[in-house]
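Undergrad: here's my sequence, what's the structure:
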Amino acid sequence: MARSIDWTCSACGIREWAMADVDETRTCTCGQPMQQDWLPRIQRDAQWDDQRAVLVLVNDDPSCPADVKVRYPGSHDCRVPPGYRRQYLRSLQEVNKFERTHGVANHVMHYDSNGRALDDTYHGERLVH
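TA: Reported below is the predicted structural model:
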């Protein structure tokens, strides 16, 4: 089965990419055999520590109005108002569950790399130019 493989020549340092079988060998333009270049995988923690976790302040009091039950502080060292408690969302699954239950979206996670955000359109009409 063919895969995309990065090849590196140990003699001249030329790098190239090609579709090839894993057990296949290649010869460089300089005549030397090329080696498959296995790049390391990027590893990230599944659980986030306190500094990387998403912090929200939640008020569990039933008499509290719905629009102020949750507050989003600007930093982790903020003052907690009376009646609120810190809630750390320590994984992507916890953030997604919180978004669904509260009807909100975390723009940092859902911001597109081309400069588009989730709220750039309203009823199909673009709000940014």
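Undergrad: only alpha carbons, please: show stretch 52-67 as CSV.
TA: Provided in CSV are the C-alpha atoms of stretch 52-67 (Å, rounded to 0.1, in the frame of the first residue of the first chain):
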residue,chain,number,x,y,z
ARG,A,52,-4.1,25.9,30.6
ALA,A,53,-7.7,25.1,31.6
VAL,A,54,-10.6,27.2,30.7
LEU,A,55,-11.9,29.0,33.9
VAL,A,56,-15.5,30.0,34.3
LEU,A,57,-17.2,31.3,37.5
VAL,A,58,-20.6,29.6,38.1
ASN,A,59,-23.4,30.7,40.5
ASP,A,60,-25.5,27.7,41.5
ASP,A,61,-28.1,29.8,43.4
PRO,A,62,-31.6,29.2,41.9
SER,A,63,-32.6,32.8,42.6
CYS,A,64,-29.7,34.1,40.4
PRO,A,65,-30.9,35.4,37.0
ALA,A,66,-30.0,33.2,34.1
ASP,A,67,-27.9,35.9,32.3
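Undergrad: which parts of it are buried?
TA: Across stretch 52-67, burial judged by 16 or more other Cβ atoms under 10 Å covers 53, 54, 55, 56, 57, 59. In short, each C-beta sits where N, CA and C put it, glycine included.
Undergrad: could those residues be laid out in CSV, adding distance to residue 80 and pLDDT?
TA: What follows is these, written out as CSV (distance: Cβ to Cβ, whole Å; pLDDT from 0 to 100):
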residue, distance to residue 80, pLDDT
53, 15, 89
54, 16, 89
55, 10, 91
56, 11, 92
57, 6, 92
59, 10, 89
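Undergrad: of those, closest to residue 75?
TA: residue 55 (8.3 Å; Cβ to Cβ).
Undergrad: okay, which residue is most central for this structure?
TA: residue 109 (6.0 Å; Cα atoms, centre = their mean).
Undergrad: and that one, that's in a strand?
TA: No - checked against DSSP: H, G, I helix; E, B strand; the rest coil, residue 109 lies outside a strand; its state is helix.
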